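> sequence and computational prediction follow.
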Amino acid sequence: MKYFQIPILLIVLCLSGCTLFPSQSAAPQVELTPYSTRTAAVPTLPPVPPTLEPPAPSTRPTQITHVVKKGEDMGGIATLYGVKIKDLREANSKVDPRMMPIGTVLIIPSGDPEQDAFQPTTIPTPVVILLTEAPVCYPDPTGGAWCLMKVDNNTELDIEDISADFVLAGSDGSEPQTRTAYCLLDRLQSGLSIALSVYFPQPPPPPWQVSTRLRTASPITNDSGRFLVSDLKLRSSEYSPDKLSIHVNGTVDLQENQKDANIIHVVASAYNASGQPVGVRRWDSQVGLESGSGLVYDFNIYSLGGPIERVEILGETRP
């Protein structure tokens, strides 16, 4: 893997990341849709370990849940449990049926509102521990908050099923809010990094205190052909004058003598001059790729809080 400065050289990666740097003359400074906010970040207090105590034992029946496995979709899961797919979607309104990473927990509607609302208290334990950096949160114009955290795969193995809990506390002394962020790629290769993001629609009053805990992370010992070999090439990149967005354009080339790709993802994680994540976006191809062919990716990454200093791009192709 090699990193070069932009816009002089192109970066060629094989299922890996590339770092884009602004020109030297520039002053230093996620379905995810483009971020339109250009507001400064609300200061957050230093992260501390979350203090979530298990609730007292309850006699209420625990809700029925299903952990998404490889190859599963909402239609198949609804059939498995004998429920209507409409009811399954309504019970999991915050889950995008088109983007369900392995490990996503779905609520299976039982018809009993009390049972469906009673969440289990067990917190998963990751198989491996990845390096996670300090989280940061940014206000949203609608009154919500986006929280992001950089995750580094500092192991010697490729890792899948990455998720983390964000615990957000405010200044009013109310119960901290917890939401789970899932990795936008199914696999994070050894030595690479990606930003996780999660949205709080009604966050507590700032200043915020945010902490995180790695929820799931599993090593890939044998992918059984689940991931294909491809080259991610950058053809051009252009920062906006205020550096609050960057436009990237390049190609994904699938190597020959392997299966065709039906799933093609490109994820861009944007960072400021201090190395904090300020934005993340995933581009999904609407068409497949035949073995030995290529296609163009073209999209913008927007900042949630201040100028973008660099962007790291990762790609993934699957049958």
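Good, I have the coordinates.
> what about stretch 289-308, average pLDDT?
Average pLDDT, stretch 289-308: 96.
> try stretch 72-85
Mean pLDDT, stretch 72-85: 84.
> any buried residues in that stretch, and which?
Neighbour counts over stretch 72-85 (16 or more other Cβ atoms under 10 Å) mark 72, 74, 77-78, 83 as buried. Every C-beta, even on glycine, is put in place using the N, C-alpha and C of the backbone.
> identify the residues contacting it?
Here stretch 72-85 makes contact (Cβ atoms under 8 Å, 6 or more residues apart in numbering) with 64, 66, 68, 87-89, 92, 97, 100, 106, 108-109.
> quick one, which of the residues you listed are buried?
Applying 16+ other Cβ under 10 Å to the contacts of stretch 72-85 flags 64, 66, 68, 87-88, 92, 100, 106, 108-109 as buried.
> how far away is Gly76 from Asp161?
19 Å (Cβ to Cβ, to the nearest Å).
> can you check Tyr138 too?
As for Tyr138, its distance to Asp161 is 27 Å (criterion: Cβ to Cβ).
> which stretches of the stretch 151-300 of the chain form strands?
According to DSSP state E, counting those that start in this stretch, the stretch 151-300 of the chain carries its strands in the segments 159-169, 177-182, 187-188, 193-200, 208-219, 230-239, 245-254, 263-271, 277-284, 294-302.
> okay, those strands in TSV with distance to Gly143 and mean neighbour count next?
Output for those, formatted as TSV (distance: least, Cβ to Cβ, whole Å; neighbours: other Cβ atoms under 10 Å):
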stretch	distance to Gly143	mean neighbour count
strand 159-169	14	23
strand 177-182	14	19
strand 187-188	32	24
strand 193-200	10	22
strand 208-219	14	21
strand 230-239	29	18
strand 245-254	22	20
strand 263-271	23	23
strand 277-284	19	24
strand 294-302	19	17
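> shaky segments in the stretch 51-200 of the chain?
Applying pLDDT under 70 to the stretch 51-200 of the chain flags residues 51-63, 111-125.
> between the buried ones among the contacts of stretch 72-85, which is nearest Ile129?
Nearest to Ile129, judged by Cβ to Cβ, of the buried ones among the contacts of stretch 72-85 is Val68 at 22.6 Å.
> which one is the closest one nearest to, not counting chain neighbours?
Thr104 (4.3 Å; Cβ to Cβ, 6 or more residues apart in numbering).
> swap in Cys183?
The shortest distance from Cys183 to any non-neighbouring residue, by Cβ to Cβ, 6+ apart, is to Ile162 (3.9 Å).
> go on, Ala217?
Nearest residue to Ala217, sequence neighbours excluded (Cβ to Cβ, 6+ apart): Pro126, at 4.1 Å.
> that neighbour contacts Asp165, correct?
No - counting by Cβ atoms under 8 Å, Pro126 sits too far from Asp165 to count as a contact (11.1 Å).
> common neighbours of the two, please.
Residues touching both Pro126 and Asp165 (Cβ under 8 Å, 6+ apart) are Arg215.
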